[in-house]
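Engineer: Below is the sequence, then the predicted model.
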Amino acid sequence: MGPDQLGAAHFHTASKPLKEVDIRLPENLVKGAVKLDPNLKKYLSDEFPAESNTNVTWAYNEVLTDLITRLSIELKLPQSERNTYALKFEDRGNDGNGVFLTKENRSLVPQGFILILTASPECYAHNLLGRLRNPSVHTGDLRTTLTELIALCGDISFAAQFMRIGGYDYIFEVIEKGLCADSVSSQSRFLQALLLLMDHPGLLYWSQVSDEFVSKIAENITGRAKQEDNTLLK
C-alpha cells in the first residue's frame, strides 16, 4: 500500500455533522472585573493593599451583599460585621442611575463590566460629614470635600445615609446661619449639594423646610441683586 493509500485509509469523514457549540454566557450571568479603590483607606481606618483587582462572574440572582463579601475575601480585605464595603460604577456621576451598585440598578451592569470595590455609602457619609464639621478645615480642603459631596449627592444610597446621620440638617444650618458667608463659592457648593439631595423622592420634601431657611435664601438673593445693582451704578 503506497503512502497516498495509507493516508486515505486513516482518514475518515465525520458520519454526522458537527454541532455548533454556543460559548455565550447564560443571560443571568455577567463577566467582568472588579478593581480595589486606591482611596479606600481614606474612608476606612484599616490598612489595605495599594492596588488589586480580580475577574468575576456574577449571577444576577446572587445576593449583592454575598457578592461583596466574596470579593472582599478574595481581595484579602479586613472583614467586619458592619456594612463596610460596596461596589460602585466606574466614572459615573449624578446621571440619575446612581453611583453605587444596588439591587435596583444591577441590571445596568453589562458584560465586560468594570466595578470598583470601595467603602459603603454609610462610610462615605460619615467621612464627608465629619470633614465638613471640622472647624479647622481650610478653604482648599473644604472645596475638595464639597466637590466629593456633590459627586455623591445624586446617589439615593448615599443620600439616605447622609440624611440618617444628620447631613441634611447640617447643610441647612450652614446656610441658615451663614457659616460660610465669607465664601460665595462655598455657599454655592453647599446649595448645589442640597438641591441634589432634595431631588430624591421620599427622603425630605421642600414643604418640610423651615421658614428661617427660606428667608435666608431670599435674603441672599436680594442682597446679591442689590450688590449687582450698586456695581452697575458705579
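Structural biologist: Ah, there it is. Keep in mind that this is a model prediction, so the values were computed, not measured.
Engineer: where does I116 fall, helix, sheet strand or coil?
Structural biologist: strand (DSSP: H, G, I helix; E, B strand; the rest coil).
Engineer: Let me see the contact set for L179.
Structural biologist: Contacts for L179 (CB atoms under 8 Å, 6 or more residues apart in numbering) come out as E173. All C-beta atoms are positioned from the backbone trio N, CA, C, and that covers glycine.
Engineer: what's the spacing between it and T118?
Structural biologist: 30 Å (CB to CB, to the nearest Å).
Engineer: Geometric centre of the protein: which residue is closest?
Structural biologist: V99 (3.0 Å; CA atoms, centre = their mean).
Engineer: from what I can see it touches C153, true?
Structural biologist: No - assessed by CB atoms under 8 Å, V99 is found out of contact with C153, at 9.5 Å.
Engineer: can you give me the strands in this protein?
Structural biologist: 29-36, 53-59, 85-89, 113-119 (DSSP state E).
Engineer: give me the low-pLDDT residue ranges for this structure?
Structural biologist: For the chain, residues meeting the criterion pLDDT under 70 lie at 1-25, 49-51, 92-97, 135-140, 223-234.
Engineer: quick check, distance from stretch 101-111 to the centre of its chain.
Structural biologist: Using CA atoms, centre = their mean, to the nearest Å, the mean C-alpha position of stretch 101-111 is found 13 Å from that of the whole chain.
Engineer: State the distance from the closest residue to I68 other than its chain neighbours to E74.
Structural biologist: Counting by CB to CB, 6 or more residues apart in numbering, I68 lies nearest to Y85, which is 5.2 Å off, once chain neighbours are set aside. Here Y85 is placed at a distance of 12 Å from E74 (CB to CB).
Engineer: domain assignment for the chain?
Structural biologist: 29-119, 121-228 (the TED database).
Engineer: out of Y85 and E74, which sits in the more crowded spot?
Structural biologist: Y85 (23 against 14; other CB atoms under 10 Å).
Engineer: Next, the contact list for the spatially closest residue to L203 that is not a sequence neighbour, please.
Structural biologist: Leaving aside its chain neighbours, L203 sits nearest to M163 (5.5 Å; criterion: CB to CB, 6+ apart). If you count contacts by CB under 8 Å, 6+ apart, M163 has them with 197, 203-204.
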